[in-house]
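Trainee: could you look at this predicted model? Sequence included:
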Amino acid sequence: MRLYDYFRSSAAFRVRIALALKGLEADRTYVHLRRGEQRGAAYLQVNSFGLVPSLELDDGSVLTQSLAIIEYLDEEYPEPAFLPGGPLDRARVRSLALSLAADTHPITNLRVLEELRSVYGADDEGVAAWYRHWVLQTFPALDAALEADPGTGVFCHGDTPTLADICLVPQVFGAARFDLDLEAFPTLKRITAACMDLSAFDNARPERQPEA
Ligand SMILES: N[C@@H](CCC(=O)N[C@@H](CS)C(=O)NCC(=O)O)C(=O)O
């Protein structure tokens with residue numbers, strides 16, 4: 001397997017966590033997003049959408065979209081499971097994950113921030129304010145929802161990490177880069193700390209990647 005990766009990419013960070021939780025090793029190709037390598041001809045042959053991550057399997061098939069990759073890994077390598085057993089519980093985990101991966105991450109993505117700068121004249125502070133604004137559309141409700149729901153345990157759902165935690169931690173790391181204070185979100189903070197106690201999460205963090 002080969003992971004097309006970038007140390008600061010939240011979506012790639014999710015897949016690094018997932019691979020590590022499954023105990024899987026992947027070779028890595030580093031796609032430097034700041035230098036625009038995701039839009040270069042070589043990478044577009046791998047992933048014509050020009051986004052990381054991509055996961056190339058040993059038979060040459062290429063998977064894109066971090067959630068699709070993670071669900072593929074979960075189906076091929078069922079232990080430890082990223083989704084709980086019952087349909088209601090699975091819906092809850094997917095809903096938590098999508099509040100981050102579908103509602104929050106896409107509007108805080110690099111190409112959106114670059115467009116703000118180049119087309120709309122935003123400076124560093126403007127970009128940071130944008131990032132915090134959109135994260136703050138999700139984090140208060142997410143924190144409250146996790147705090148209120150008896151399904152929440154050590155992690156977002158129960159006492160083992162699920163797809164929801166895999167999506168939460170990279171978004172929290174992204175928010176920290178833009179100076180968002182996590183103190184206001186005690187449940188997110190507690191769950192993130194529990195995740196970071198696990199080597200699968202800790203080794204996947206951006207600053208632990210060789211190219212960081
Ligand atoms: N929904 C996609 C999002 C992928 C994505 O947005 N990746 C970002 C890095 S986190 C990227 O490659 N950005 C390149 C760019 O914005 O030009 C996924 O989950 O894989």
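Mentor: Structure's in. What do you need?

Trainee: in space, what's closest to P106 - neighbours in sequence excluded?
Mentor: Ranked by C-beta to C-beta, 6 or more residues apart in numbering and with sequence neighbours excluded, the top spatial neighbour of P106 is V112, at 7.4 Å. (Each C-beta comes from the backbone N, C-alpha and C, glycine too.)

Trainee: quick one: list the elements packing against the helix or strand harbouring R28.
Mentor: Assessed by DSSP states H and E, R28 sits inside strand 27-30. If contacts are counted by 3 or more C-beta pairs under 8 Å, 6 or more residues apart in numbering; DSSP states H and E, strand 27-30 sits against strand 2-5.

Trainee: render the CA-only coordinates of the helix or strand just after the strand it packs on in PDB, please.
Mentor: Moving toward the C-terminus from strand 2-5, the next helix or strand (DSSP H and E) is helix 10-21. Output of helix 10-21 as PDB, limited to C-alpha atoms (Å, rounded to 0.1, in the frame of the first residue of the first chain):
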ATOM      1  CA  SER A  10      -6.400  16.900   8.100                       C
ATOM      2  CA  ALA A  11      -7.900  14.300   5.700                       C
ATOM      3  CA  ALA A  12      -4.500  12.500   5.300                       C
ATOM      4  CA  PHE A  13      -4.100  12.700   9.100                       C
ATOM      5  CA  ARG A  14      -7.400  10.800   9.400                       C
ATOM      6  CA  VAL A  15      -6.000   8.000   7.200                       C
ATOM      7  CA  ARG A  16      -2.700   7.900   9.100                       C
ATOM      8  CA  ILE A  17      -4.600   7.300  12.300                       C
ATOM      9  CA  ALA A  18      -6.800   4.700  10.700                       C
ATOM     10  CA  LEU A  19      -3.800   2.800   9.300                       C
ATOM     11  CA  ALA A  20      -2.100   2.900  12.600                       C
ATOM     12  CA  LEU A  21      -5.100   1.700  14.600                       C
END
